[in-house]
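Undergrad: Okay, predicted coordinates and the sequence, questions at the end:
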Amino acid sequence: MTANALAAALLLWILANVGATPLRPAWLGALALMLVLRAALWWRHRQGPIALAAQQGWINGYRAVIALQGLVWGAAAWLPADLGDAQVQAAMLFLLLGLTFGAMTLTLFDLSAALLFAGGVAVMLIWRLLALAQPLPLSTQVAGGVAALLLVIWIVGARRIDRDRQVWAATRRAEAASAAGARAAQKMLQLIFEHARASRCLARTCACSPGTACRWHTPACLPTRCAQG
């Protein structure tokens, strides 16, 4: 949330000398609404059930909010009244691309969420650039090519990290299952030993002569004794 606020402040600073558009207040309202929605989702998740079956619903909710966040930030490309100025265009590209790769780095644990954010920004930004009447300057074309190359490299690295994470999670689950099996076997052996001990105690009988009564001390498995009745 802090990163979004700082990026928004930097964006407003970039647009300070650019003609104001009626979209700016609406965009700020959309950004604030998105942050409130994200905070509300986080709070409900903390208060909600932690059952494994409910986790996929929470994951889908977070992904939807992240996709919305990408669209809102991509819409920032429409805030300048004229994006044909090379300096404004370069500043907007650096801001949006830096924000995108920063957000994707923070969401390496979920490749789908990272791509949803990047896709939202890319769709709105490319749409704005294609709407320009004049051709794109060379700096913008180079920045777009570098961004595409970095995205491919990032996806390859993220998929490798995701595979390593899945292997690590599978190993942890196997270790937990093995430990649970070992504890269950230990309990079973303990029950068997206790049953065998109780059987030995009950098998001891008093060699009593007629007319006497046997008093067994089987609970503590003590030697049995005979006493006169």
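TA: Yep, that arrived.
Undergrad: Helices of the protein, residue ranges please.
TA: Here the chain has its helices, by DSSP state H, at 2-14, 23-47, 52-74, 86-106, 111-130, 138-203.
Undergrad: burial count for Leu129?
TA: 16 (other CB atoms under 10 Å). No exception for glycine: its C-beta is placed from N, CA and C like everyone else's.
Undergrad: same thing with the one 4 residues further on?
TA: When counting by other CB under 10 Å, one arrives at 6 neighbours for Ala133.
Undergrad: so it makes contact with Gly84?
TA: Yes. At 7.4 Å, Ala133 counts as touching Gly84 under the criterion of CB atoms under 8 Å.
Undergrad: ok, Ala26 - how many residues close by?
TA: When neighbours are defined as other CB under 10 Å, Ala26 has 12 of them.
Undergrad: pLDDT at it, what is it?
TA: For Ala26, the pLDDT comes out at 90.
Undergrad: And Gly74, by the same measure?
TA: Confidence at Gly74, expressed as pLDDT, is 92.
Undergrad: Leaving out the residues flanking it, which one is nearest to it?
TA: Met124 (2.7 Å; CB to CB, 6 or more residues apart in numbering).
Undergrad: wait, what's in contact with that neighbour?
TA: The contact partners of Met124, by CB atoms under 8 Å, 6 or more residues apart in numbering, come to Leu71, Trp73, Gly74, Ala75, Ala76, Ala77, Trp78.
Undergrad: how about 6 Å then?
TA: By CB atoms under 6 Å, 6 or more residues apart in numbering, the contact list for Met124 reads Gly74, Ala75, Ala77.
Undergrad: What of Leu99?
TA: Ala7.
Undergrad: ok, the closest residue to Leu83 other than its chain neighbours - how many residues close by?
TA: Residue nearest to Leu83 in three dimensions, not counting chain neighbours: Gln89, with 5.5 Å by CB to CB, 6+ apart. The number of residues packed near Gln89 is 22, by other CB under 10 Å.
Undergrad: And the pLDDT for Ala32?
TA: pLDDT at Ala32 comes out at 91.
Undergrad: how near is it to Thr21?
TA: 18 Å (CB to CB, to the nearest Å).
Undergrad: cool, and Arg63?
TA: Arg63 is 30 Å from Thr21, by CB to CB.
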